[in-house]
Structures are given as C-alpha cells and as structure tokens.
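Visitor: Coordinates only, no sequence provided:
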C-alpha cells in the first residue's frame, strides 16, 4: 500500500508517461505499417502500370504487324499463286516473308500463314517451314477464333504441345478469306519480359489474365489458358490496390487498355513488413529509454513538490506533540504555501486566545483571593451587627437599629458571592441602603431621585455595578456647601439596550479627571467595596465585550455617568 | 472495507482509461480494407488516319490528356499512312470486337462507313468522326470548318496575288471530306471573287510528299504559276523545298512545327494552323459528355488560327 503522497504523485507521473509513450509508440508503429503497406502498394502499382503499358504497346505493335502482314500484297500474291500451282517453292518464299515480319518485333515468337483450303500452315521458322495436312478441326478453330477480340490463347497449330498468345487477322482477296496470319507470342517470353521483372522476391503470386480470367502467363507454364480463381480477390478485372486484413495480403491489379489483359500480383503483408520488425525492437527500446529518462525529472519534480508538504507535516507533528511555539517555514507561494501560512495564522490565533484565557483565569483567581480576604470575618461581623441592631431596637433606638439593618444588608450584598447578576430593582435596593447610610454620614445634604423604566427593573446587571458610580458622585461630584445637592438615577430600555445614568449637580469634572477616573486602577480605601469606576468598566467589557460601555459627561452643572449594556432577563445569559 | 472499495474504483478507472487509449489509437490507425486506383468510366476506341505526322501525334496527345482528365481511357489505333483505307477498316473492325463504349474515327474514306456504322449500332457503340467528317447522317463531327479554311486561304492568296495570275491546287485524297471541303472552299472563293486561273488540281497527297518528278512536271507544264494551295502541310513542305529557286506563294493547312517555322521565315505564305491537340481533347470531351447524357451539338467546330508570313 502506497502511503506517501510523493510516491503516489511519482507513480501517477510514471503511469501517465508510460501510457502516453505506449500509445504514441503504438500509434507510430501502426501508422508506419499502414504507410509502408500503402507505399509498397502504390509503388508496385506504378511499376505494374508501367510494365502493363509497355506490354500493351508491344501487343499493339504486334497487332499492327499482323494487320500489315495480312494486307501485304506480296504475301497474298504468293498465296494465290500457291493455291493455283501448289509449288512448294512458293511456301518457302512465303516463309521468308513471314520471317521478315517476325523480325520486326522481338516479342513475336513465330508468324504463321494458315491456308485452310490447302490445309497448310506456312511458318516463319527454319523448321518446319510449313506443315501440310493440318487437321480440319484445327483450321476451323483458327477461323472461329479469328473473329474474337485479340490476342487469343490458342494451342500452337504447328508445335502442338505449346499454347501461345496470338493475333489472328484474315488475308482477304476480293472479299473472300484466303488465309489467316497468326502472330504468336510465346508464354515464356511474356513471363520473363513482363511478369518476372515485377517479382522482386516479395510477391507471392504474379499472373497475367485475359478478359475472361484465363491465365495468359504465370510462373507455371502449364497454367496457361486455365481459368484463374482467387477467393480473396473475386473482382480482379479492374484497376486497384486491394489491402486485405484477413488474410493479410495486398493484391494489385492493373488492366491494360488495348489487350484488356490484367496484371495481378499478390504480396503477403508479413513479407512487406519484415523490415519493420527491427523498428519494433527499436521502438520498444526507445519506449523504455524514454521511461527511464522520465524517471529523473519525475524524481526531482516530486521532490520539489513534496518538500513544503513534508515541512508542513513535520511542523504539525511537532505542534501536536505540544510545541505550540513552532511555526511552519513557508518557502512557496502555491497552495501548500497558503496552507502553511493559514496554519501559522491559526496557531497565532490559538496562542492569543490561550494567553487571554490564562490572563482571565489569573484575574478570576485574584478576585477569588480578594473575596476570600473580605470573607474573613463577615459572619462574625453580621452576627455582631445584628446583635447591636437588636440591642438598639430593644432600647427603643429604632433609627439606629434601622441604620445598622441597612448596613448589614449592604455588607451582605457587597461580599456575597452567590449570584453575579442581579435585577436592576435589587441593585437599586442595595443602592438605596448605601445611600441611606451615606445620607446619615453626610447629614442628608443631598437628595436622590430614581427613575426606573417599566421593563428596566427586571433586567439583569452585574452586581454592584451602580454603587461605585453613585459613590463617585457623592465623594467627588457633589458640592458639600450647596444645600440642593441632588443625584438622579435613571434606568430605561432603548432598542434592546439597558441605559443607566447617574447624574449629579455638583462641581463637575475636568477631562483629565474623567480620564483618570476611567483608567486609574488604584485600590480604593475610602469607598464601600474598594471597587473603582475602572473596575466597573472592566467588568462590563469582560461580560459583554463590545456590547457594553461606560462614559462620563461633565460640565459646570454637574457630572453624568452613562452606562449601557444589553437588556436581558435570563440571569446567566452572560455568565462567564 | 470502504478503502478497498475506493481503491478498486480507482483501479477500474485506470483500466477503462487504458482501454480507451489503446482502442483510440488502434481506431486512429486502422484503415478499412481499401481498393484504390481509378478505373476508367468509359473506354473509347479511336482510329486515326495516320500516326507519324506531328499533327496526328498532337491529336493523340490531346485525347490521352482528356481521357486522363475526364476519367476515361482511349485505345488508339493508327494506320501507317493516310491512304491505307483497308488497314483502317480492319482496325475499326478490331476495335468493335473490344469492350468499348464509343468509337471515334477520322475516316480515310468519308463515304465508306456504312458497314462499321451498322456493326457499331448493333453493339450499341456510339460513333463520332473527328478531323474528317464521316458523310453519313447522324454521325457527329469534331474538327475545323474545312471549307471555311479553304475560303480564308483563298482570300489571303487573292489579296497577295492582287486577284489575278495562275494558281494550282494539290489536294489530299478527295475521298476524305476534309481535303475535298478545303479544296471546294478555295476553288469557290477564287472562282467567284477573282480573275485567278486555276491551272491544275492534283489530288491523292494526304500527308504525303509529292514526288519530285511530279512537281517538276507541273512546273514545266505551268511556268506562269504564282501560287499553290496544298491541303496538307507535308505536301506543302515538299513543294517548298523543291521550289527554293523559284519561289511561289504557298498556302496550306495543318499543324506542323516545321511548317510554322517556314511561315515565320516567309517560305510559306499562309498556314491555317489546325490545332491537333485541341481536336483530340474536344473529341474525347464530346464523347464523355454525350455518355453522361449532356446534350451536344451535332458538330463541334474548332477554331483555326491563320498564320501569315511576316510582311516586308
């Protein structure tokens, strides 16, 4: 099983290369065979056409000679004279004349003058010069065949064992047939002059056929005159290069115009393609060589491709082993490069988140520790204060008892860890306790107005979120010398947000003071909870992120603290 | 399990790709069993009057070119001389034995065609005449307008001789309509339009040289001779050579380079250049068109170019 990406890519490149190279080789080989077959066929056809035309021209010449001989005045005169005198000397003279015609074309084997009436055949040969008492059937056959289209295949009437190709023309005298001139062509002469030269050692069969498919000439002399049959090529009486797939044979046929004879040659394809076998081995060797060479670029290409991937996987392995500060080295701008970049960014993001988490965790721990410190003696203090409260009540000091009660409640609210979020109404209740106490402290020199919207009272806010703001107004905002000091506390819902404002009509604050108020983290010692305005801001940010905020607006008429946060009624919706 | 399924899918995809590639390449290379080379649509038998003059060679060349252009084949047979009527008849007979679709004849005897026309009709072979008309009804003719050629040459000669003087005619075999028509055209024009006296009319010299004896006899008998009209250029060239010492105005018909050369040199006065190649080409085209069912006129007249010796 191949696991490595590099091996897979490498294998893919090699497979594609192999497939492509094989296909090209195969196509090249098949095209080559096709081309060789076509070229061989065309060339051979051209040669056959040439030889065929030469044969046709020669036959036409022999035909002319036959016509001339049949019209030769001297010959017909001698024949006529022989008919009258039966003088053998005439026959010899005629033989001499026939010899003259024979010499006019080297293809002519013999020229005969057939005199049917005397049953005599005069030849152009030295022996026999003439033949007498020729069989009637032979003479009749000559007369019949002379009416056919020439040349004809006929048994030599003198040398009876041989067949010859012959042109026969009648010798006419005053409208009647005196005799026949036969110009004979030996089959072997045709074979060696016109067929054998076409045989370059590759053709399996070469035949010359007449219009009736009778063999005029072929390698085997005995076949002359027999009907030629070839089941693979039923129609060879027309020009063509016939490329047969089964059996793998090329047949070429050319029909000459004048004689109507067809040259037909068949060649086994295996013989034609024998030279191609060497090319086959060459192509195979070339294929493997090409494949071998292609391994080198494939090796380097895959290595170049794989290197950044390997870096990435190695870095991922290390990171997953816990080395979170590791980063992938990005050295390419391709998809792997982008992936590595994204991976690095993701790691940076995770690191930031972890840092934030650690920081928050630390803050939480600090807060808890702080809380624990505050909880050292709360119960003792409650119990003692409750005892004092009841003692005061028993002594009829109702106001003092009430004050102590308020203080106990306030103290409980400030140190109670249960319930981070309280309703606005509860928060106002705590605030009222605090204000009540502060009023005793400052001898009631200020008034507080509350304006809590209908739905706002039931919304949740972080506990003790308003107390520091009010405390800030009392301590730093209100002018003790004025007798109409007033604090207004408003809470309304505006478009899904709870908006709370704490407004005083005191001295006002400078911008620097506001900035200091919102940013300075000094531990307060003078206030109730030791929690500053900064703490309010941080808590809002921690719980609600960007959905909450705190701001100050101040002028000579006083200072207003604005606070907004999401209006919600599920206590734990923003619990951390 | 899932993995092996995926693996086998990829494997089968590879197999399909490989098969497609191989099949494609085989398909690209495979050729159907072929039978190439052209077979002639029609075989046309042709018998000319002669085969040795340049004119006849150009006729044969035009025929062979037309046959190769139009997908036909021609079998051309030619007697040795334009006088060998018997041989020509024999050759027509031989061609009619063959599987020909049409026969084109330039007859040595325009009047003796009945026999072979009948035979051809029996075999369904269409006969046309070219160069020289077969004077039988319904036999198409492709060639020049011989009578007009005779008239044109007479007009030229009359102009040169200022319509007076003595002229002689040496014609080819008058059995051939071409020579007869040329002579008729010449004679008619001279007789009707001029005072030229036609001193003699010799015939029987179709593409043949007139024996010197004959020429000297004619010169002796007609010492006042100013012009000779020869119906074939071979005859005209023979006269021209003999008459070197005593130039007479010679006008003739045919397509021979040596005759053209003689016109350029001024030794022959006018030559009606009979375009052999065009006649041959048009004859085959006429037959092929006819075979293909296109309507043809009964006569296809080929234009003659009249070459005149440069004026001094």
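Guide: Yep, it's here. Please read these numbers as outputs of a predicted model, since none were measured by experiment. Residues are numbered from 1 along each chain as shown, chains lettered A, B, ... in the order given.
Visitor: What pLDDT does the model give whichever residue of the stretch 201-312 of chain B sits closest to chain A?
Guide: With CB to the nearest CB, the shortest gap between the stretch 201-312 of chain B and chain A falls at residue B:284, namely 13.3 Å. Where C-beta positions appear, they are placed from N, C-alpha and C, glycine not excepted. According to the prediction, residue B:284 has pLDDT 96.
Visitor: residues in contact with residue A:215?
Guide: A:207, A:208, A:209, A:223, A:224, A:225, A:226, A:227, A:228 (CB atoms under 8 Å, 6 or more residues apart in numbering or on different chains).
Visitor: Show me which of these are buried.
Guide: Buried members of the contacts of residue A:215, scored by 16 or more other CB atoms under 10 Å in any protein chain shown, are A:207, A:208, A:209, A:223, A:224, A:228.
Visitor: Name the nearest of the contacts of residue A:215 relative to chain B.
Guide: Nearest member of the contacts of residue A:215 to chain B, counting by CB to the nearest CB, is residue A:209, at 14.7 Å.
Visitor: Show me the beta-bridge partners of that closest one.
Guide: Legend: beta-bridge partners of residue A:209 under DSSP bridges are residue A:215, residue A:262.
Visitor: Do a quick rundown of the helices in the chain.
Guide: As the question left the chain open, I've gone with chain A. A:5-71, A:73-85, A:88-103, A:136-145, A:187-190, A:269-272, A:276-320, A:335-374, A:378-394, A:398-415, A:424-441, A:467-472, A:511-519, A:533-544 (DSSP state H).
Visitor: Can you look at chain B instead?
Guide: Going by DSSP H, chain B shows helices at B:2-29, B:54-70, B:85-97, B:114-123, B:146-160, B:177-193, B:212-221, B:233-242, B:257-264, B:276-291.
Visitor: quick one: which of those has the weakest pLDDT on average?
Guide: The bottom spot among the helices of chain B, by mean pLDDT, belongs to helix B:2-29, with a mean of 64.
Visitor: I figured the residue of the stretch 201-312 of chain B closest to chain A hits residue B:74, correct?
Guide: Yes: with contacts counted by CB atoms under 8 Å, residue B:284 reaches residue B:74, the gap being 6.6 Å.
Visitor: quick one on the thing from earlier: now tabulate the helices of chain B in JSON lines and tack on mean neighbour count and distance to residue B:299.
Guide: JSON lines is the format used below for the helices of chain B (neighbours: other CB atoms under 10 Å in any protein chain shown; distance: least, CB to CB, whole Å):
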{"stretch": "helix B:2-29", "mean neighbour count": "11", "distance to residue B:299": "55"}
{"stretch": "helix B:54-70", "mean neighbour count": "20", "distance to residue B:299": "17"}
{"stretch": "helix B:85-97", "mean neighbour count": "20", "distance to residue B:299": "21"}
{"stretch": "helix B:114-123", "mean neighbour count": "14", "distance to residue B:299": "17"}
{"stretch": "helix B:146-160", "mean neighbour count": "22", "distance to residue B:299": "12"}
{"stretch": "helix B:177-193", "mean neighbour count": "21", "distance to residue B:299": "12"}
{"stretch": "helix B:212-221", "mean neighbour count": "13", "distance to residue B:299": "35"}
{"stretch": "helix B:233-242", "mean neighbour count": "23", "distance to residue B:299": "23"}
{"stretch": "helix B:257-264", "mean neighbour count": "17", "distance to residue B:299": "26"}
{"stretch": "helix B:276-291", "mean neighbour count": "22", "distance to residue B:299": "10"}
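Visitor: What does the pLDDT read for residue A:525?
Guide: Looking at residue A:525, its pLDDT is 55.
Visitor: Would you mind splitting the chain into its domains for me?
Guide: Picking chain A for this. A:1-306, A:419-566 (automatic domain parsing).
Visitor: Chain B was what I was after
Guide: B:42-142+B:277-302, B:146-273.
Visitor: Quick one: distance of the shortest one to the chain centre.
Guide: Yep, that's domain B:42-142+B:277-302 we're talking about. 9 Å (CA atoms, centre = their mean, to the nearest Å).
Visitor: distance between the ends of it?
Guide: End-to-end span of domain B:42-142+B:277-302 (CA to CA, to the nearest Å): 24 Å.
Visitor: Residue A:155 and residue A:166 touch, don't they?
Guide: No: contact criterion CB under 8 Å: residue A:155 and residue A:166 do not qualify, at 9.8 Å.
Visitor: ok, the two, which is more surrounded?
Guide: More neighbours surround residue A:166 than the other of residue A:155 and residue A:166, with 28 against 15 (other CB atoms under 10 Å in any protein chain shown).
Visitor: Residue 110: neighbour count?
Guide: As the question left the chain open, I've gone with chain A. 20.
Visitor: actually chain B
Guide: Counted with other CB under 10 Å, residues neighbouring residue B:110 total 24.
Visitor: May I see the buried ones among the contacts of residue A:215 arranged in JSON lines, with distance to residue A:319 as well?
Guide: Output for these, formatted as JSON lines (distance: CB to CB, whole Å):
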{"residue": "A:207", "distance to residue A:319": "87"}
{"residue": "A:208", "distance to residue A:319": "90"}
{"residue": "A:209", "distance to residue A:319": "90"}
{"residue": "A:223", "distance to residue A:319": "93"}
{"residue": "A:224", "distance to residue A:319": "97"}
{"residue": "A:228", "distance to residue A:319": "89"}
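Visitor: What's opposite residue A:559 in the beta bridge?
Guide: residue A:554.
Visitor: show me where pLDDT drops low in chain A?
Guide: Applying pLDDT under 70 to chain A picks out residues A:1-2, A:371-379, A:415-419, A:522-531, A:576.
Visitor: list the contacts for residue 52?
Guide: I went with chain A, as the question did not name one. Residue A:52 makes contact with A:194, A:254, A:255, A:256, A:261, A:263, according to CB under 8 Å, 6+ apart.
Visitor: Please refer instead to chain B.
Guide: B:80, B:81.
Visitor: same thing with the one 10 residues further on?
Guide: Taking CB under 8 Å, 6+ apart as the contact definition, residue B:62 lies against B:276, B:277, B:278, B:279, B:280, B:281, B:282, B:283, B:284.
Visitor: Could you find which two of the contacts of residue A:52 are furthest from each other?
Guide: With distances taken as CB to CB, the most widely separated pair in these is A:194 and A:255, at 14.1 Å.
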